[in-house]
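**Student:** Sharing a sequence plus its predicted fold:
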Amino acid sequence: MKFNDTLARTWRENILFSVLVELTYRCNLNCFFCYNDTALNGVPLATEQYFRFFEDLRDLGTLDLTLSGGEPMAHPEFFTLGRKARELGFLVRVKTNGHALRGKLLQRMREEVDPFILEISLHGASSETHDRQTRVPGSFARLMANLREAQALGLRLKLNAPLTVWNEREIGAMYALADALDVPLLVDPQITGRDDGDLEPLQISPSREGVTRLFELQRQRAAAIHGNRESPADDVVGDADETAPVAGAKHCGAGSSTIVVDPYGNVYPCVQWRRRVGNLHEQSIQTLWNHSGELAEVRRIAVEVKEAVDRHNTPGFAFCPGSAEHETGSPTRLYPIARLMLELRQKIPAA
Amino acid sequence: MSLGPAARVLRLIIASTTVFRKTADARYRNVSGEGIVVRQAAGEVLVLSEVGARVLDLIQSGAPVGRLFTELAAEYDIERAILERDVMDYLQELLEAGIIESAAS
C-alpha cells in the first residue's frame, strides 16, 4: 500500500487527515502581502477548547496538525498547545517566520513540541529584498542565523517562499541559498488577496517573466535531481501536502480531508478558501465534519473544479478554488495569476 | 520466513505477558482501517495493513502479547499456531523498525 493511495482515500471518503490551526493573527513581522484578516473579531479559543479539539481530532484519525498564524509562536500558550499536540501523537508541523526561533525558545521548540518539520518563510536571497517584504530591518540576517542554530539542534526545516515581483529576480539565488543550507525550498507563484477582501497584495504578484523564470528553473532542477541526487528536493519525504496531485474525482482535499481553523474557532475548507463552514464555539468538530451542509457543498464543488481544470488538459497546472472564489466570485473561474500559469505551463510542462 | 538463532532467542524473550508500546519517534493513526506510521526522525511514512493497524491499536491500548493473540484469534479465521507465529514475526518487524519498544524499557 502506498501513502498516495491512502491520501486519495481520505479525499474520496471525507476522512479528516490534516488540520491547520491559525493560533493567532499576532505577528512579530509586518509582511506587505500578509493575507490575514487582522481586523476580524471573535472570541478566541481558550486553551481547554484547543485541548478538546485536539482530542476530537485524534479520535477522528487526524495525523497531520500544523500550528500556524499570524506567527504561532506569538500565541501566549504556544508551547502548552504544542506539547499537547505532541502528547496526543500528532505529526506536528509549525509554520513560522523564524524570527523568534533562537536561544531558549528554539530549545523549547525542540524539547517540548518536537515538530516533524518547521516551515519557515523566506522572501529573498538578500537582506534588501527579504526585509523589504517583511518590513522589519534586520529580519533576513536574523533568519539566517536562526536557521543555522535550528539545524545545529537537529530540527528538520523547509523554506516556503511566495514569488513576488520584488524577489522574482533572486529566485536562482534563493535556491542556491537553500541548497547551501541543505534545506528544501518550496516556491509558490500565487500571491493572494487579504481575507478581508482587500486585493492590495496582488500589486506585487510576480510578472510573466518571473513565473517563466521559476518554471524553467524548476524544470532544470528536477532534471538535475533525476540524474544526480545531490540537490535537496523541493519537497520533503512524507509531506502530506494537500495540494499534491492525487488521482480521484476531486481537485483537492479542501474540506474533504483537510480544514483550517482561525483563532476565533471559525472553520474553513483550507487556508485560501475562506468560505466559513462552521465554528467550534457552536459545534464539535465531529458534528461539523459529519453534518455541515456547507462542507457538503464544498466537497461537491471540489468535483466540479476538477472537471473544469481537467478540461484544460495541462498537468501541473496549480489552480486554487479558494483564490478563484476570492478574486472572481466563482470557485471554478480562472483568476489572473491562474490564467498566466496555465498559459506558461502549456509552454513549460511541469517536470 | 526462516529465523536465525538470534531471532529465535528474541522470540523466546517475548512472553505472553510482554507489553510493548509505541516509540516516541513513531507517530501513528488508524485511518479507517489502514495504519499510517511516520517515523519522525527518518522522515519515513509506512502504511500498515488492516491487521497491522489492529496490532498497533492493541499495543497502544496496553494489551500484553497474550491478549494480542486472543483478540486477533477472535477476529480472524486462522489457526491459532499460525496466528501466533505471524504476530510474533510482525512484532519483530515493528521492533526492528523502531516503531515499538518494550514498555519495561
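**Tutor:** Thanks, I have it.

**Student:** Strands of chain B, start to end?
**Tutor:** Along chain B, the stretches classed as strands by DSSP state E are B:20-22, B:26-31, B:34-39, B:44-48, B:100-102.

**Student:** what's the closest of those strands to residue A:17?
**Tutor:** Proximity to residue A:17 (Cβ to Cβ) singles out strand B:26-31 among the strands of chain B, at 6.5 Å. C-beta coordinates here come from the backbone N, C-alpha and C atoms, glycine included.

**Student:** got the angle for that closest one vs strand B:44-48?
**Tutor:** Orientation note: strand B:26-31 sits at an angle of 40 degrees relative to strand B:44-48 (axes from the mean of the first three to the mean of the last three Cα atoms, to 10 degrees).

**Student:** and strand B:26-31 with chain A, contact?
**Tutor:** Yes: against chain A, strand B:26-31 shows contacts by Cβ under 8 Å from any Cβ of the partner chain at B:27-31.

**Student:** what's the average pLDDT for that strand?
**Tutor:** When pLDDT is averaged over strand B:26-31, the result is 95.

**Student:** and that strand, which strands flank it?
**Tutor:** With DSSP bridges as the test, strand B:26-31 is paired with strand B:34-39 (antiparallel).

**Student:** Look up how far residue A:81 lies from residue A:259.
**Tutor:** Remark: distance between residue A:259 and residue A:81 (Cβ to Cβ, to the nearest Å) = 17 Å.

**Student:** residue nearest the centroid of chain B?
**Tutor:** residue B:91 (3.7 Å; Cα atoms, centre = their mean).

**Student:** Enumerate every residue touching that residue.
**Tutor:** The contact partners of residue B:91, by Cβ atoms under 8 Å, 6 or more residues apart in numbering or on different chains, come to B:14, B:20, B:55, B:65, B:100.

**Student:** neighbour-wise, which of those leads?
**Tutor:** Compared across these, residue B:20 has the highest neighbour count, 26 neighbours, by other Cβ atoms under 10 Å in any protein chain shown.

**Student:** Assumed residue A:209 was part of a helix.
**Tutor:** Yes: assigned with DSSP: H, G, I helix; E, B strand; the rest coil, residue A:209 falls within a helix.

**Student:** Give the burial count for it, as a bare number.
**Tutor:** Counted with other Cβ under 10 Å, residues neighbouring residue A:209 total 11.

**Student:** Could you do residue A:48 as well?
**Tutor:** 8.

**Student:** Tell me which of residue A:259 and residue A:81 has more neighbours.
**Tutor:** Higher neighbour count among residue A:259 and residue A:81: residue A:259, with 28 against 24, using other Cβ under 10 Å.

**Student:** And the next helix or strand past the helix or strand that contains the more buried one?
**Tutor:** Applying DSSP states H and E as the criterion places residue A:259 in strand A:258-261. Later in the chain than strand A:258-261, the nearest helix or strand by DSSP H and E is strand A:266-268.

**Student:** Helix, strand, or coil at residue A:125?
**Tutor:** When classified by three-state DSSP, residue A:125 comes out as coil.

**Student:** Can you tell me how far the residue nearest to it when sequence neighbours are not counted is from residue A:149?
**Tutor:** Nearest non-adjacent residue to residue A:125, counting by Cβ to Cβ, 6 or more residues apart in numbering or on different chains: residue A:173, 3.5 Å away. Distance of residue A:173 to residue A:149, computed by Cβ to Cβ: 22 Å.

**Student:** what do you get for residue A:20?
**Tutor:** Distance from residue A:20 to residue A:149, counting by Cβ to Cβ: 26 Å.

**Student:** In terms of neighbours, single out the busier of these two.
**Tutor:** Using other Cβ under 10 Å, the more surrounded residue of residue A:20 and residue A:149 is residue A:20, with 20 against 15.
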